[in-house]
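[1] Here's a sequence, model it:
(chains A and B)
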Amino acid sequence: MKKITVQYGVDSITKQVESGFTFGDLQDSDSIKAALGFGDNTKALVEGIEQDRRTVIPDGATVRLETAANTKA
Amino acid sequence: MEHTEIIIRDNGTLTERIIRERDLAAEGDVLEAMTADVTRTIRNAMPIPGWGMAHANVGLTDTLWSVPIDRIPLKARFRVINGVLVPMFASMTDLEMPMVWQAPKDVRLVFVVRTEVSEGCVVVGGNWLFAFNKDNNGYRLPLPNLHDECTLCTGQFESSYASAQAGVSASLEQFNQSKWNSDLMTTVAESQKFFRFRPTNETFTTLPIEAADWTTLCAKVSTAILDRAIL
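    Sure, this is the predicted structure:
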């Protein structure tokens, strides 16, 4: 297990997750979505750098989620 | 400059430590790199006729102008349903009307314009429309022509201006004149609970939002641009 902090807007939560928990797992997590109010279209950043969905989140990391741009249908 | 210190370690060992200092010629570049993301806020930077004051958030390469607004011009197609006039953005047959929606006090709207200076001109690099609640969380309104991160789809638009004031004013004029169509529309149900009007004899009155908490009709948003918006 490891502890991560997730920020979305002015809200944030700190959560214990499995050691193999990736940025993609975070972006798809229904419980964290419900807690912070983000949708399906996000990008994950650490220290301002966008992270790959497949990358495992380091223990103690603070992840900032941002709304990603969509394209015109 | 160099100097030597003799220190005693915890285990009693005497150690010589030589410290050398020299000034680096790259301080400008280093400082610029270290402050690349630092911005400065200037409130009431300039007036925008017809809208109010614009606040500035000045970055290294761009300036973000925030204009708190109290209304949204809605030039769109509308229909009366159960005595209430509501938008029908995807309709091709309903009557097109130039409505103006007055925002309630708890919906704090900010129109944002990003400008950069290029070859002596001020270039408009984008327009955003955000709604903030009392907790300063930002939301995307249930409107079409608005991307998920609240960039406005403005259509054809002249981007170069002689001044930032001209660029911001032109952006708001485009916002004022644009027709809202069904591009980027998700569902009209939220729009029809949000943007409601009561027809009276000669005019229309904005009705309250049909929800106890207006944010339930919107999508919460978090972006770097939103973080720089000034209420």
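
[2] Could you use CA atoms for every contact and neighbour count after this?
    Will do.

[3] got the end-to-end distance for stretch A:48-63?
    One end of stretch A:48-63 sits 9 Å from the other (CA to CA, to the nearest Å).

[4] same question but for stretch B:53-64, I mixed them up
    Stretch B:53-64: ends 13 Å apart by CA to CA.

[5] and whatever residue of chain B ends up closest to chain A, backbone torsions?
    Proximity of chain B to chain A (CA to the nearest CA) peaks at residue B:222, 4.6 Å away. Residue B:222 adopts backbone torsions of phi -140, psi 120, taken as degrees, to the nearest 10.

[6] That one and residue B:54: what is the separation?
    Taken as CA to CA, the span from residue B:222 to residue B:54 is 22 Å.

[7] Keeping just the C-alphas, turn the helix or strand of chain B with the lowest mean pLDDT into PDB.
    Ranked by mean pLDDT, DSSP states H and E, the weakest helix or strand in chain B is helix B:27-34, scoring a mean of 80. C-alpha atoms of helix B:27-34 as PDB (Å, rounded to 0.1, in the frame of the first residue of the first chain):
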ATOM      1  CA  GLU B  27      21.800  34.200 -13.500                       C
ATOM      2  CA  GLY B  28      19.400  35.800 -15.900                       C
ATOM      3  CA  ASP B  29      18.600  32.500 -17.700                       C
ATOM      4  CA  VAL B  30      18.400  30.600 -14.400                       C
ATOM      5  CA  LEU B  31      16.100  33.200 -12.800                       C
ATOM      6  CA  GLU B  32      13.900  33.100 -15.900                       C
ATOM      7  CA  ALA B  33      13.700  29.300 -15.900                       C
ATOM      8  CA  MET B  34      12.900  29.300 -12.100                       C
END
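
[8] That helix close to chain A?
    No. Using CA under 8 Å from any CA of the partner chain, helix B:27-34 never reaches chain A; the gap is at least 13.1 Å.

[9] who's in contact with the residue of chain B closest to chain A?
    A:8, A:9, A:65, A:66, A:67, B:138, B:149 (CA atoms under 8 Å, 6 or more residues apart in numbering or on different chains).

[10] among these, who's most crowded?
    residue B:138 (28 neighbours; other CA atoms under 10 Å in any protein chain shown).

[11] how near is that one to residue B:186?
    From residue B:138 to residue B:186 the distance is 19 Å (CA to CA).

[12] So which residues of chain A form strands?
    Secondary structure of chain A (DSSP state E): strands at A:2-8, A:11-17, A:42-46, A:49-50, A:62-67.

[13] what are the pairing partners of the third one, and which direction each?
    To tie it back to what came earlier, the one meant is strand A:42-46. strand A:49-50 (antiparallel), strand A:62-67 (antiparallel) (DSSP bridges).

[14] Could you export these as TSV, including mean pLDDT?
    Converted to TSV, the strands paired with strand A:42-46 look like this (pLDDT from 0 to 100):
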stretch	mean pLDDT
strand A:49-50	95
strand A:62-67	96
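
[15] Show me the one of those that comes nearest residue B:159.
    Residue B:159 lies closest, by CA to CA, to one member of the strands paired with strand A:42-46: strand A:62-67, at 25.2 Å.

[16] List the neighbours of the closest one that are in contact with it.
    By CA under 8 Å, 6+ apart, strand A:62-67 touches A:4-9, A:38-39, A:41-46, B:148-149, B:221-224.

[17] Please repeat the previous calculation with a cut-off of 7 Å.
    A:4-8, A:41-46, B:148-149, B:221-223 (CA atoms under 7 Å, 6 or more residues apart in numbering or on different chains).

[18] ok, the residue most central in space within chain B - contacts?
    Among the residues of chain B, the one closest to the centroid is residue B:112, at 3.7 Å (CA atoms, centre = their mean). Counting by CA under 7 Å, 6+ apart, residue B:112 touches B:64, B:65, B:66, B:67, B:127, B:128, B:129, B:229.
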